[in-house]
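Undergrad: Any chance you could fold what I've pasted below:
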Amino acid sequence: MHPDDPADQKLTNARPTTHSGGATSTERTIGRHRAPEPPRRPLLGSTPIRVALATGVTCCLSLVAVATTRGNDDTPRTVEQPLAEAVADRAAIADERASRSLDRDAAPARILPSPTATPTPAHTAAPKAPKKPVKPRRPRPVAGLDQAQMDNAKIIVDVGLEMKMPRRALVVALSTAMQESNLYNLASAVLPESFEYTNQGSGSDHDSVGLFQQRPSSGWGTVAQLMRPSYAARAFYSALNEIPGWQDMSVTAAAQAVQISAYPDAYAQHENRATTVVAALTT
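TA: So this is what the prediction gives:
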């Protein structure tokens with residue numbers, strides 16, 4: 001074909017002078033023939049691109065939320081945590097009120113705080129007076145004795161029982177004291193010291209003192225000892241035990257063996273009264 005052919009010139013004039021490789025070109029050259037390119041969708045119209053962009057934006061917002069909710073501590077606290085905690089608290093309360101479990105344990109007993117006890121004001125009680133010592137019951141006098149005589153007779157009998165003396169020894173001792181002092185604890189004018197002790201009168205038979213009129217000068221004991229009725233009675237029973245066979249003697253003979261009195265037969269007159277007193281004090 002001649003170069004000056006009109007058809008060839010038309011084809012030559014229609015060809016673009018420049019070739020663009022950009023993305024906006026709607027045509028492409030294939031040899032000397034041109035074919036129209038398929039239309040392209042917009043960039044944001046693609047579904048995968050839109051999902052990627054949405055995911056990126058969500059991540060950015062999450063990072064911003066974490067940065068803004070971080071406190072003084074190093075543990076991040078997201079905005080969803082308060083809501084999650086509130087839901088958990090409500091679930092715990094609901095579970096406490098009505099458990100759906102089949103295996104139910106007994107509900108723990110609630111311990112209520114005990115009210116503070118108000119101390120009761122203590123009433124100041126008046127101090128109690130000390131109890132007075134109970135005096136031993138005094139024996140009722142018998143056989144014509146007064147209370148002082150009966151008290152002395154009781155001392156003589158009690159000492160004899162303590163020493164496990166037989167009943168006859170008690171009668172001998174009482175008969176002797178009735179004759180010697182009439183059952184009174186006597187001091188002696190010869191011994192002024194004897195009045196320093198409890199006494200119930202005065203005798204005048206030398207230095208004889210006490211219920212049995214025993215003489216300190218004869219070795220019976222000191223004045224202080226013999227003025228004690230219990231000591232005087234113990235001294236008499238001890239001397240009686242030293243006399244062999246006194247149990248078989250008469251009351252007069254047994255008393256005289258101990259006292260060595262100038263009137264040995266005087267003791268017998270008191271035997272009946274002494275027996276009555278012993279019976280009253282030992283029953």
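Undergrad: and Met150, how many neighbours?
TA: The local packing of Met150 (other CB atoms under 10 Å) involves 19 other residues. From N, CA and C alone the C-beta is placed, and that goes for glycine too.
Undergrad: Could I get the phi/psi values of Gln269?
TA: Phi and psi for Gln269, reported as degrees, to the nearest 10, are phi -70, psi -10.
Undergrad: which residues does it contact?
TA: Gln179 (CB atoms under 8 Å, 6 or more residues apart in numbering).
Undergrad: what's the spacing between it and Tyr231?
TA: 27 Å (CB to CB, to the nearest Å).
Undergrad: okay, Ala88: pLDDT?
TA: On the pLDDT scale, Ala88 is placed at 65.
Undergrad: actually Ala109, not the one I wrote
TA: pLDDT, Ala109: 53.
Undergrad: Can you report how many residues lie near Pro136?
TA: 8.
Undergrad: mind listing what it touches?
TA: Pro136 touches nothing, counting by CB under 8 Å, 6+ apart.
Undergrad: does it sit in a helix, a strand or a coil?
TA: coil (DSSP: H, G, I helix; E, B strand; the rest coil).
Undergrad: For it, give its distance to Ala177.
TA: According to CB to CB, Pro136 stands 20 Å off from Ala177.
Undergrad: Okay, buried residues for stretch 200-216 please.
TA: 200, 203, 207-216 (16 or more other CB atoms under 10 Å).
Undergrad: ok, now which ones touch Tyr237?
TA: Tyr237 sits in contact with 159-160, 163, 165, 169, 173, where contact means CB under 8 Å, 6+ apart.
Undergrad: what about 10 Å?
TA: By CB atoms under 10 Å, 6 or more residues apart in numbering, the contact set of Tyr237 is 156, 159-160, 162-165, 169-170, 172-173, 258.
Undergrad: Helix or strand: which one has it?
TA: Per DSSP states H and E, Tyr237 falls inside helix 229-241.
Undergrad: Show the average pLDDT along that helix.
TA: Helix 229-241 carries an average pLDDT of 98.
Undergrad: Any chance you could give me it in PDB, C-alpha atoms only?
TA: Output of helix 229-241 as PDB, limited to C-alpha atoms (Å, rounded to 0.1, in the frame of the first residue of the first chain):
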ATOM      1  CA  PRO A 229      -6.800 -25.500 184.300                       C
ATOM      2  CA  SER A 230      -5.900 -27.700 181.300                       C
ATOM      3  CA  TYR A 231      -2.300 -28.000 182.400                       C
ATOM      4  CA  ALA A 232      -3.300 -28.700 186.000                       C
ATOM      5  CA  ALA A 233      -5.700 -31.500 184.900                       C
ATOM      6  CA  ARG A 234      -3.000 -33.000 182.700                       C
ATOM      7  CA  ALA A 235      -0.500 -33.000 185.500                       C
ATOM      8  CA  PHE A 236      -2.900 -34.800 187.800                       C
ATOM      9  CA  TYR A 237      -3.700 -37.500 185.300                       C
ATOM     10  CA  SER A 238       0.000 -38.100 184.600                       C
ATOM     11  CA  ALA A 239       0.700 -38.500 188.300                       C
ATOM     12  CA  LEU A 240      -2.300 -40.900 188.700                       C
ATOM     13  CA  ASN A 241      -1.000 -43.100 185.900                       C
END
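Undergrad: With that, I have no additional questions.
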